[in-house]
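> whatever this is, show me its structure:
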Amino acid sequence: MQTILGANGAIGIELAKSLKEYTDQIRLVSRNPQRINETDQILHADLTEIDQVMAAVAGSEIVYLTVGLPYKLAVWEMQWPKIMRNVLDACIAHQAKLVFFDNVYMYDKNEIKNMTEESRINPPSQKGKVRAQIAQMLLNEIKAGHLEALIARSADFAGFKNSALGDIVYTNLKKGKKAQWLINADVAHNFTYVPEAAWATALLGNTPEAYGQVWHLPTDRAMITGRQWVSLFASAMGKNNQVAVLPKWALALLGIFIPTLRELKEMAYQYDRDYFFNSSKFETKFNYKPLSAKEIVEKMVAMGT
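Sure, this is the predicted structure:
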């Protein structure tokens, strides 16, 4: 049995599809789970409640934690440590392996230009401090020998859910509007394609020697600027290649209409300089070349039409 905690999110949905390569015993767990594959088990659970997490993990060989909480600092501070503690305790109790799907918020802002698994942990934001805290909770259990686990870490998403690239570039162009970009459209920013990230997470979870480590999920290493991303989308969609750059002060206002950008002001440092997520460790281990920016755009446009 392989179990996804947080199965309704962007990664959870695609992960359920990818796990079919390894097992037909997949359990999807969330507050309101929806079956993805015909043979999926579904289980309703609140991950802040330890008894419900214990029941969700029982009988699992591998557990994937892919929860996406509302993008509010107060919610993160209150719920993330509790969820991580519950999941760790349940996996230890039931001797299940754990795969935690993580982001890059804990890295020092000066590491953004070349993020690797060895980048310095020094979160420059309050949300980053929460992410650093819960990742360390997991790493402590690995170090103590209580748990087999790994961290699969992703850059910003290229997709249609929880993705600035989808929300303010693709969606705006589709509506005949100008694409938008955050802070500075002339610096580079690479993105992790959601289906590719899910496929790689499933692969890591089913690779015994991957445990006990942090892994950056496969991400195109080309240094593509915001304007170049917009140009790729505009060309693929047959739309006008224009971009409106949103200054930092506009983020709070825009967040009223676009949930992905709500409370993003403290994360503005990720868009005011080159942002390069380095996945060479994964690429070398699995002899894999990530999809290019052009291929990602073509796939997104094809899926969205």
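> can you get me a residue count around the nearest residue to Val104 once chain neighbours are set aside?
What sits nearest to Val104 in space, not counting adjacent residues and going by Cβ to Cβ, 6 or more residues apart in numbering, is Met115, at 5.7 Å. Backbone N, C-alpha and C define where each C-beta goes, glycine included. Using other Cβ atoms under 10 Å, Met115 has 21 other residues around it.
> partners of Met115 in the sheet?
Phe277 (DSSP bridges).
> rounded mean pLDDT for stretch 141-153, please.
The average pLDDT within stretch 141-153 is 97.
> so which bits of it are buried?
Glu141, Ile142, Leu147, Glu148, Ala149, Leu150, Ile151, Ala152, Arg153 (16 or more other Cβ atoms under 10 Å).
> now render those residues as CSV, adding secondary structure and distance to Lys175.
As requested, these are exported to CSV (DSSP: H, G, I helix; E, B strand; the rest coil; distance: Cβ to Cβ, whole Å):
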residue, secondary structure, distance to Lys175
Glu141, helix, 46
Ile142, helix, 46
Leu147, coil, 47
Glu148, coil, 47
Ala149, strand, 42
Leu150, strand, 40
Ile151, strand, 37
Ala152, strand, 33
Arg153, strand, 33
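> and of those, the nearest to Asn103?
Arg153 (6.7 Å; Cβ to Cβ).
> tally up the residues packed near Leu173, please.
Using other Cβ under 10 Å, Leu173 has 24 neighbouring residues.
> excluding its backbone neighbours, what's nearest it?
Closest to Leu173 by Cβ to Cβ, 6+ apart is Lys239, at 4.4 Å.
> for the one you found, which residues are in contact?
Going by Cβ atoms under 8 Å, 6 or more residues apart in numbering, Lys239 touches Leu173, Lys174, Gly176, Phe233.
> weed out the non-buried ones from those.
Members of these classed as buried by 16+ other Cβ under 10 Å are Leu173, Phe233.
> next step: the contacts of Lys239 restricted to helices.
Per DSSP state H, helices hold the following members of the contacts of Lys239: Leu173, Lys174, Phe233.
> now tabulate the residues you listed in TSV and tack on distance to Leu251 and pLDDT.
What follows is the ones in helices among the contacts of Lys239, written out as TSV (distance: Cβ to Cβ, whole Å; pLDDT from 0 to 100):
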residue	distance to Leu251	pLDDT
Leu173	20	95
Lys174	22	94
Phe233	21	96
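> now render the residues you listed as TSV, adding distance to Glu111.
Compiled in TSV, the ones in helices among the contacts of Lys239 are given as follows (distance: Cβ to Cβ, whole Å):
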residue	distance to Glu111
Leu173	32
Lys174	34
Phe233	28
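> out of these, who's nearest Pro123?
Using Cβ to Cβ, Phe233 is the member of the ones in helices among the contacts of Lys239 that lies nearest Pro123, at 31.0 Å.
> how close does the closest one get to Tyr193?
Applying Cβ to Cβ, to the nearest Å, the value for Phe233 to Tyr193 is 14 Å.
> same question, Lys127
23 Å.
> more neighbours: the two, which one.
Set Lys127 next to Tyr193 and count neighbours by other Cβ under 10 Å: Tyr193 wins out with 30 against 22.
> bridge partners for that one, pull those for me.
Ala158.
> hmm, it is touching Leu291, no?
Yes: at 5.6 Å, Tyr193 and Leu291 qualify as touching, with contact defined as Cβ atoms under 8 Å.
> now the common contact residues for those two.
Lys299.
> can I get the buried residues of stretch 141-153 in TSV including distance to Leu217?
Shown next, in TSV, are those (distance: Cβ to Cβ, whole Å):
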residue	distance to Leu217
Glu141	22
Ile142	19
Leu147	21
Glu148	19
Ala149	16
Leu150	11
Ile151	10
Ala152	6
Arg153	7
